[in-house]
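[1] need the 3D shape of this:
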Amino acid sequence: MSNNEQIKASWKRCELFGLEQSNQPELQRLGVGDQNSLNEEYYNLIQTTGTEVLPYYENILSNTQCLILLTDNQGQALNSWGDKRFLAPPQRALFKKGIDWKEKKNGTNAIGTALACGTAVQIQRDDHFLKANRFMIGSAAPIYDVNRTLLGVLDISTDSYLPQSHTLGMVKLMSQSIENRLIISTFSEDNFLFTFNTNFDNLDSQWSGLIVFNEGGTIISANRRAEILLCYDLALANIADIFDISLEQFKNQPSNLPFSFKAMGKYQMHGFTKAPIKKAIQAVDYRERLKSKPDPDIIPLSQFGFGDEKVSRCIEQAERIINKDIPILIHGETGVGKEVFVKALHQSSQRHKHPLVAVNCAAIPSDLVESELFGYEKGAFTGASTKGAIGFIRKAHKGTLFLDEIGEMPLKVQSRLLRVLQERKVTPLGSTENYHVDIKLISATNRSLREDVESGTFRQDLYYRVSGLNLELPSLRERTDRKQLFHQINDMYSNAANSQKLSTEIIKLFSQHPWPGNIRQLVSVIQIAQAMSDGNVIETKHLPDDFFEDIKQTNSYQKTEDNIHHGQADVTSEPIATRDDSVDNQTELINTFHQNKGNISKTAKALNISRNTLYKRLKEFGVR
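    Down below sits the predicted model:
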């Protein structure tokens, strides 16, 4: 059926569903729990789309106002990427996670119609059944898994900036890219991959055929393009029966080296073979493997969250601000991933080709902070380098300056920093020359800077200068998407040659843990567990002993709380600081917290309570 025929058939279905053109779109979303379950089920699809496929089209998409939406095979929105500026605020609700795009809910639309007909479609403005949806043009293509089962739909929605044929062709290409990536990630470890095309110059194209065969030559998977090129059903066929070269010749071809051959005795083809990863890894120089290993601390912004509302809001707000001259102040407990978040922000900004300079204000001795930040001329002070130093701020010119733990900055230095931020000029110590600086400022703290302003330890004028947009990253124990986060971090630090999965029991334990050290602690626990495991599954026996201490404290505290609620509390079972919610006790806890400058461990020790108990009380009393 042609595109127009598909649209006509869709309108008939909408009428049978009882829809009217004047109906408003269905905006009811899945609950958070259901969204998290979907994210977990479609984790590989979301990751493949966002981190392996979309970056290849960044240059094209960055020059257009379009939004990319990924759904499951029921039309439920899983994730979105791109520019929402062409959408009016009410229209943006349509593109949130958990919205159902089936025709029965939202009439003729690119996603719903692609699901219904199983092929790529383009729905222009007036093609939409619901009048309320006629503000956009949607182009969507289905995505099939390695078993040729419908997995989901990829959609590009735009305000018609791009030529319509261009958009439809692009979404087809992107869906084919996703399918190819899924095939490669599923089978490449133990099987041969064979890529071929009729044109030698197009071998790197996503429109090439892709065949997976095992040691015996049996074809165990292929993309749709392979069957189109060969006009042949490849299921369980032997590769030597299709091409005019022997199985041994296929297997012994140097990886990625193109060669020519005939298919089905008549079609001239070109292609190359890739050996199984297990074999290839033995032949690759370990130094090259180290070079190609990605930095696990740099992740795309889209991967930072998996549906947690607070994290999603932080990402959405930060994306709006990152390319504007507005400073960002990030709040959050130690270890929640503030620096990782900043790295992701920098990579997604227009400054990503320039330096990201991270400065931990608490780690630099107070008498050196000034010279480290602003730089100095040679001989500016005793012990100064004879060459002088440029300073962190000038190093960040045209890039991003990240001031971590900014609340620890001495007052004297705060005054100079304020002047730099106001004038955008730096004067090194011992110099009379000013240097212009163009920086994006991002700061972070685990303290309440407002309270520091009131106590006089932080300048009020500097506070308002650095806190343009305030973001609060939630603790790991508060995040509703932490299960997906457990899997993501495990994958990030897993050895590609020996991928290790987290057992169901591990996930349950991780979900019960209070994680006082947040993501930093999670990374440490996972790295230790991976090192302790020789198999493919990480189990409880591989966890470090101190992991269970916090769980014991949590269970003990919960038991005490339950007894209190049931009138069975033993007056000696818990220190008074955790039992008494009186004003005096609240004051004592808050005062102790501030006396220890927000240090959780020191405060808990001073009050003779566990860190988890302290976290709970601080939250109850509204202390950040």
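[2] where in the stretch 451-600 of the chain is pLDDT low?
    Scanning the stretch 451-600 of the chain for pLDDT under 70 picks out the ranges 495-498, 552-585.
[3] what sits against residue 405?
    Residue 405 makes contact with 360, 361, 362, 363, 444, 445, 446, according to C-beta atoms under 8 Å, 6 or more residues apart in numbering. Where you see a C-beta, it was placed from the backbone N, CA and C, and this is true even at glycine.
[4] now a ChimeraX select for only the buried ones of those residues.
    For the buried members of the contacts of residue 405, the matching ChimeraX selection, counting by 16 or more other C-beta atoms under 10 Å, is:
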select :361,444,445,446
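[5] going by distance to residue 375, which of the contacts of residue 405 wins?
    When these are compared for distance to residue 375 (C-beta to C-beta), residue 361 comes out closest, at 16.1 Å.
[6] the closest one touches residue 414, doesn't it?
    No - at 10.0 Å, residue 361 and residue 414 do not qualify as touching, with contact defined as C-beta atoms under 8 Å.
[7] now residue 371: closest residue in space that isn't a chain neighbour?
    residue 429 (5.5 Å; C-beta to C-beta, 6 or more residues apart in numbering).
[8] oops, could you answer that again for residue 256 instead?
    Of all residues not flanking residue 256 in the chain, residue 272 sits nearest, at 5.3 Å (C-beta to C-beta, 6+ apart).
[9] can I get stretch 182-192 in CSV, CA atoms only?
    Taking C-alpha atoms only, stretch 182-192 is exported to CSV below (Å, rounded to 0.1, in the frame of the first residue of the first chain):
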residue,chain,number,x,y,z
LEU,A,182,21.0,-4.8,17.9
ILE,A,183,22.0,-7.7,15.7
ILE,A,184,25.7,-6.9,16.2
SER,A,185,25.5,-6.6,20.0
THR,A,186,23.5,-9.8,20.2
PHE,A,187,25.6,-12.1,18.0
SER,A,188,29.1,-10.6,17.4
GLU,A,189,30.8,-12.2,20.4
ASP,A,190,30.5,-15.8,19.2
ASN,A,191,29.6,-15.5,15.5
PHE,A,192,30.9,-14.2,12.2
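[10] buried residues, it. List them.
    For stretch 182-192, the neighbour count (16+ other C-beta under 10 Å) marks 182, 183, 184, 186, 187, 188, 189, 191, 192 as buried.
[11] and the residues you listed, which two are the farthest apart?
    Across the buried residues of stretch 182-192 (C-beta to C-beta), the longest gap, 17.2 Å, separates 182 and 192.
[12] for the residue nearest to residue 371, give its distance to residue 600.
    In this view, residue 429 and residue 600 are 36 Å apart by C-beta to C-beta, to the nearest Å.
[13] centroid residue for this structure?
    Central residue of the chain (C-alpha atoms, centre = their mean): residue 303, 0.6 Å from the mean position.
[14] residues touching it, list them.
    Residue 303 sits next to 47, 50, 51, 344, 488 when contact means C-beta under 8 Å, 6+ apart.
[15] those residues into JSON lines, with extra columns for neighbour count, secondary structure and distance to residue 16?
    Shown next, in JSON lines, are these (neighbours: other C-beta atoms under 10 Å; DSSP: H, G, I helix; E, B strand; the rest coil; distance: C-beta to C-beta, whole Å):
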{"residue": "47", "neighbour count": "21", "secondary structure": "helix", "distance to residue 16": "37"}
{"residue": "50", "neighbour count": "20", "secondary structure": "helix", "distance to residue 16": "36"}
{"residue": "51", "neighbour count": "15", "secondary structure": "helix", "distance to residue 16": "40"}
{"residue": "344", "neighbour count": "22", "secondary structure": "helix", "distance to residue 16": "46"}
{"residue": "488", "neighbour count": "17", "secondary structure": "helix", "distance to residue 16": "42"}
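[16] now the buried residues of stretch 182-192 in CSV, with pLDDT?
    Converted to CSV, these look like this (pLDDT from 0 to 100):
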residue, pLDDT
182, 92
183, 92
184, 90
186, 87
187, 88
188, 84
189, 83
191, 90
192, 91
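[17] can you list the residues you listed in CSV and add distance to residue 492?
    Listed next are these as CSV, based on distance: C-beta to C-beta, whole Å:
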residue, distance to residue 492
182, 19
183, 22
184, 19
186, 19
187, 22
188, 19
189, 18
191, 25
192, 28
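[18] just give me the closest of these to residue 214.
    Residue 214 has its nearest neighbour among these in residue 191, at 5.3 Å by C-beta to C-beta.
[19] quick one: the closest one and residue 216 touch, right?
    No - the criterion here is C-beta under 8 Å, and residue 191 misses it with residue 216 at 10.6 Å.
[20] and the gap between the residue nearest to residue 547 when sequence neighbours are not counted and residue 437?
    Spatially, and ignoring its direct neighbours in sequence, residue 547 is nearest to residue 525 (5.6 Å; C-beta to C-beta, 6+ apart). Distance from residue 525 to residue 437, counting by C-beta to C-beta: 40 Å.
[21] more crowded one of the two?
    A side-by-side neighbour count of residue 525 and residue 437, using other C-beta atoms under 10 Å, places residue 525 first with 23 against 19.
[22] packing partners for the helix or strand encompassing the more buried one?
    If you go by DSSP states H and E, residue 525 is part of helix 518-532. Under the contact definition 3 or more C-beta pairs under 8 Å, 6 or more residues apart in numbering; DSSP states H and E, helix 518-532 sits against helix 482-492, strand 537-538.
[23] Throw these into JSON lines and include distance to residue 227, thanks.
    JSON lines is the format used below for those (distance: least, C-beta to C-beta, whole Å):
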{"stretch": "helix 482-492", "distance to residue 227": "31"}
{"stretch": "strand 537-538", "distance to residue 227": "36"}
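[24] any idea which of those gets closest to residue 466?
    For residue 466, the closest of the helices and strands packed on helix 518-532 is helix 482-492, at 28.3 Å, according to C-beta to C-beta.
[25] report the strands that pair with the helix or strand that the closest one is followed by, each with its relative direction.
    Using DSSP H and E, the next helix or strand after helix 482-492 towards the C-terminus is strand 501-502. Note on strand 501-502: by DSSP bridges, its sheet partners are strand 537-538 (parallel).
[26] list the contacts of the partner strand.
    So strand 537-538 is in contact with 490, 500, 501, 502, 503, 506, 526, 529, 530, going by C-beta under 8 Å, 6+ apart.
[27] could you flag which of these are buried?
    Among those, the ones that count as buried by 16+ other C-beta under 10 Å are 490, 500, 502, 506, 526, 529, 530.
[28] give me the phi and psi for residue 99.
    Dihedral angles of residue 99 (phi, psi; degrees, to the nearest 10) stand at phi -70, psi 140.
[29] taking the helices and strands packed on helix 518-532 together, which one is wrapped up most tightly?
    Mean neighbour count (mean count of other C-beta atoms under 10 Å) peaks for helix 482-492 among the helices and strands packed on helix 518-532, with a mean of 20.
[30] spit out the contact partners of the closest residue to residue 102 other than its chain neighbours.
    Nearest non-adjacent residue to residue 102, counting by C-beta to C-beta, 6+ apart: residue 75, 4.1 Å away. The neighbourhood of residue 75, defined by C-beta under 8 Å, 6+ apart, consists of 100, 101, 102, 105, 111, 112, 115, 153.
[31] in strands, which of those fall?
    Judged by DSSP state E, strands contain the following of the contacts of residue 75: residue 153.
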